[in-house]
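Q: test case, fold it:
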Amino acid sequence: MLFGSLTAEYADVSNYPGTTVETAAVTVGSTRLIDTPGVHGISSFSEAERVTREAVLEADAVVNVVDATQLDRDLFVTLQLLDMGVPTVVALNMMDELEADGVEVDVGSLEAALGVPVVPTVAVTGSGVDELRERVPEASAPESTPVDSHYDALPDAVEAGRAEKTLLVEGDEPTARRVGACDLVADGGDGPLSGVGDREAVYRERRNRVRSIVDSVERDAGSGRVAGQRIGDLLMRPVTGVPIAVGLLVAVFYFMGVVVAQRVVGYAEEVLFGRYYNPAVEAAVADLLPASQWAAPVEFLLVNDNLGLLTITVQYVLGVLLPLVIAFYLVVGTLEDAGVLPRLAVLTDRGLNRIGLNGRAVVPLIVGVGCVTMAVISTRMVGSRRERLITTALLGLAIPCSAQIGVIIGLLAGLGVAWWGGYLAVLLGVLGVAGVFLDRALPGRQDPLIEQLPRLRVPRPRNVARKTANRSAAFLGEAAPLFGATAAAVSTLDYVGALDAIVEVLRPLTAALGLPASFGQVLVLGLIRRDFAAAGMTDAALSASQTFVGLIVVTLFVPCILTMAVILRERDARSALLVWVGSWVTAFTVGGVVAAALEVVA
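A: Purely as a prediction, here's the structure:
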């Protein structure tokens, strides 16, 4: 928020090279301003910290945004920047929240204690932003700090600047590689440098300095508000927090899965595009293109019923993706601004640890029940690249979207409660087994959940709206061309008969499952949209066991083309291929096991 107020311009939001961590950047005159992820330290314990470390090492100066209500936490990073000798200006933000809490900070004393400019700000109102902008050129750092005493432990042969020396004595392995001191790295990984630095000692001294500064500049100015603290405490206690969290997640699902994914998107597809836009475009293309042999493939590419570039593709981007993107960022922005999101992560962390994830994955998994495409986007909030891949794989594999669920419920309703229970049991089993398998198979280890818990507050509509608009525009600007290219490729395959060939290839597999040969057409529909596959089963003459097996297969089958395009955009080609092939294998393997089990029972 302060970054947006400071620049007063739209920021380019993108992933840092080689990562999936978002940064924002704006060029103002000859100055390039970069907004890095919020971190608790400048090291290499997480992807966000690694991105921030690289940006800091290349920066001419840093505007360090400090939460005035959390001085004892945030000043650790401030002192680390000063220990590194990085020219710094401190933006002491959320001063309004501090005042509401009945606490005062002596800004002059804090500036003297740190030795760098300190500017009180309130980002949501713009208070102090002009002064901060004026004082950025005053960014400075003390000539020496207590951490200098640890430099003596570094060998004379190590050539490094002050920032790198600080990171070396803190045991930062990537910095050791950067300065050509790999022989100093302890065997086995990311621990401290062997015989060189004492990370815990450096951190302990820095925390003591933070505590001393806070004690000298902060004082109680009277009674403050306690309502937000009490609600926050209720959210953190399992007895009261779990029911509240379940209620919030149900509300998120209802908004995303019912209100937006079904009603808004349904109206857009059936009315706006189905009745008006698509027929008008089809008529215009038919009038413009001559009735000739060369025009036939062009017309098919532009207006075919599956993925026409001017019809269904536009319908998906504007009628399906756009409402879902806006709704998702609106939900996430509201939960972020209210301070609820980190608490949901803490509450669900223990359960998700069992499948290789931490609590941050709860939102993507819930959003996935509404729309898997948007859930893949929401994996950006999950910790590491490894956990994002696990979450994406589980979403593409065993989480049916709301549109598909509607058709599935209708088909299962005629079979009975036992079949519905069996369906849920199979999906949960696949989810658990796949999670455990991926956790053990993928290299690396699970990142622990480290969350700062901001105080609860009423979301500010202007703040939420601005974040929603910027994030939605940035995402659609990148995703829409990718989806258009994918749709053109699939339409070309359809025109040359490749999709029909896929149906023929699937005949032996569908026969092995005890399903009719026509079921291959259902799966081809699933390549385009999952709910199309489920809907394709409604007209098939299937027995109860065939319907059950078919629903298991179409649920576990590959994500729809829109989701695959987003997976390709959010992850990489290798990860997308892993998810796609893994879904094929899992769908037919589990379907075969279920079919065999039903045959034995019968």
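Q: so V119 bridges to which residues?
A: V119 forms beta bridges with A91, as assigned by DSSP bridges.
Q: I figured it hits R135, correct?
A: Yes - assessed by C-beta atoms under 8 Å, V119 is found in contact with R135 at 5.7 Å. For the C-beta atoms, the positions are set from N, CA and C on the backbone; glycine is no exception.
Q: neighbour count for the two, which is higher?
A: Remark: of V119 and R135, V119 carries more neighbours, 22 against 18, as counted by other C-beta atoms under 10 Å.
Q: which residues does that one contact?
A: Residues in contact with V119 (C-beta atoms under 8 Å, 6 or more residues apart in numbering) are V89, V90, A91, L92, G128, E131, L132, R135.
Q: turn those residues into TSV, including distance to R360.
A: Listed next are those as TSV, based on distance: C-beta to C-beta, whole Å:
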residue	distance to R360
V89	31
V90	28
A91	26
L92	28
G128	31
E131	35
L132	31
R135	35
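Q: rewinding a little: anything in contact with each of V119 and R135?
A: What both V119 and R135 touch, as defined by C-beta under 8 Å, 6+ apart, is the set V89.
Q: V66: which element?
A: Taking DSSP states H and E as the criterion, V66 maps to strand 62-67.
Q: that strand packs against which elements?
A: helix 71-83, strand 88-93 (3 or more C-beta pairs under 8 Å, 6 or more residues apart in numbering; DSSP states H and E).
Q: pLDDT of that strand, averaged?
A: Rounded to a whole number, the mean pLDDT of strand 62-67 is 93.
Q: ok, and what's touching that strand?
A: 2, 6, 56, 73-75, 77-78, 81, 86-94, 132, 136, 139, 454.
Q: ditto for stretch 505-516
A: Under C-beta under 8 Å, 6+ apart, the answer for stretch 505-516 is 517, 519-520, 523-524, 540, 542, 545-546, 549-550, 553, 588, 591-592, 595, 599.
Q: list the contacts for N278?
A: Taking C-beta under 8 Å, 6+ apart, one finds V303, T311, I312, Q315 in contact with N278.
Q: 10 Å - rerun?
A: Contact partners of N278, counting by C-beta atoms under 10 Å, 6 or more residues apart in numbering, are E269, L272, V303, D305, G308, L310, T311, I312, V314, Q315, G319.
Q: tell me which of the helices and strands packed on strand 62-67 sits most buried.
A: Burial of those is given as mean neighbour count (mean count of other C-beta atoms under 10 Å); strand 88-93 ranks first at a mean of 25.
Q: other SSEs contacting the following helix or strand past it?
A: Using DSSP H and E, the next helix or strand after strand 88-93 towards the C-terminus is helix 95-100. Here helix 95-100 touches strand 103-105, strand 118-120, going by 3 or more C-beta pairs under 10 Å, 6 or more residues apart in numbering; DSSP states H and E.
Q: care to break this protein down by domain?
A: 1-225, 238-477, 489-601 (automatic domain parsing).
Q: using a markdown table, lay out these together with distance to F483.
A: Converted to a markdown table, these look like this (distance: least, C-beta to C-beta, whole Å):
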| stretch | distance to F483 |
| --- | --- |
| domain 1-225 | 18 |
| domain 238-477 | 6 |
| domain 489-601 | 4 |
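Q: of all those domains, which lies closest to I231?
A: Among the domains of the chain, domain 238-477 comes nearest to I231, with 5.3 Å by C-beta to C-beta.
Q: now the closest one, how far from the centre of its chain.
A: 11 Å (C-alpha atoms, centre = their mean, to the nearest Å).
Q: what's the first-to-last distance across that domain?
A: Domain 238-477 has an end-to-end distance of 41 Å (C-alpha to C-alpha, to the nearest Å).
Q: next one: stretch 254-271
A: First-to-last residue span, stretch 254-271, C-alpha to C-alpha: 22 Å.
Q: cool, and stretch 318-325?
A: End-to-end distance (C-alpha to C-alpha), stretch 318-325: 10 Å.
Q: quick one: buried residues of it?
A: For stretch 318-325, a neighbour-count test (16 or more other C-beta atoms under 10 Å) marks L318, G319, V320, L321, L322, P323, L324, V325 as buried.
Q: skipping adjacent residues, who's closest to the last one in space?
A: Spatial nearest neighbour of V325, chain neighbours left out: S472 (4.9 Å); criterion: C-beta to C-beta, 6 or more residues apart in numbering.
Q: residue contacts, that neighbour?
A: L321, L322, L324, V325, I326, A327, F328, Y329, L330 are the contacts of S472 under C-beta under 10 Å, 6+ apart.
Q: could you redo the last one with a cut-off of 8 Å?
A: Contacts of S472 by C-beta under 8 Å, 6+ apart are L322, V325, I326, Y329.
Q: among the contacts of N278, name the ones in helices.
A: V303, I312, V314 (DSSP state H).
Q: for the residues you listed, pick the one with the most neighbours.
A: That'd be I312 among the ones in helices among the contacts of N278, by other C-beta under 10 Å, with 23 neighbours.
Q: could you measure from that residue over to A284?
A: 16 Å (C-beta to C-beta, to the nearest Å).
Q: same deal with V124?
A: Going from V124 to A284 by C-beta to C-beta gives 47 Å.
Q: as a check, name the ranges of all helices in the stretch 351-500 of the chain.
A: For the stretch 351-500 of the chain, the helices defined by DSSP state H, counting those that start in this stretch occupy 362-370, 372-378, 385-398, 402-413, 417-441, 461-495, 498-512.
Q: show me how far the last one is from its chain's centre.
A: When distances are taken as C-alpha atoms, centre = their mean, helix 498-512 is centred 36 Å away from the chain's centroid.
Q: same check on stretch 581-591?
A: 26 Å.
Q: any chance you could list what contacts that stretch?
A: 393, 396-397, 426, 430, 434, 509, 512-513, 549, 552-554, 556-559.
Q: export it as PDB, just CAs?
A: These are the backbone C-alpha positions of stretch 581-591, laid out as PDB (Å, rounded to 0.1, in the frame of the first residue of the first chain):
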ATOM      1  CA  VAL A 581       0.500 -36.900 -17.400                       C
ATOM      2  CA  GLY A 582       0.000 -37.700 -13.700                       C
ATOM      3  CA  SER A 583      -3.700 -37.000 -14.100                       C
ATOM      4  CA  TRP A 584      -4.100 -39.400 -17.000                       C
ATOM      5  CA  VAL A 585      -2.300 -42.200 -15.100                       C
ATOM      6  CA  THR A 586      -4.100 -41.600 -11.900                       C
ATOM      7  CA  ALA A 587      -7.600 -41.400 -13.400                       C
ATOM      8  CA  PHE A 588      -7.300 -44.700 -15.300                       C
ATOM      9  CA  THR A 589      -5.400 -46.500 -12.500                       C
ATOM     10  CA  VAL A 590      -7.900 -45.500  -9.800                       C
ATOM     11  CA  GLY A 591     -10.800 -46.100 -12.200                       C
END
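Q: quick one: mean pLDDT over it.
A: 93.
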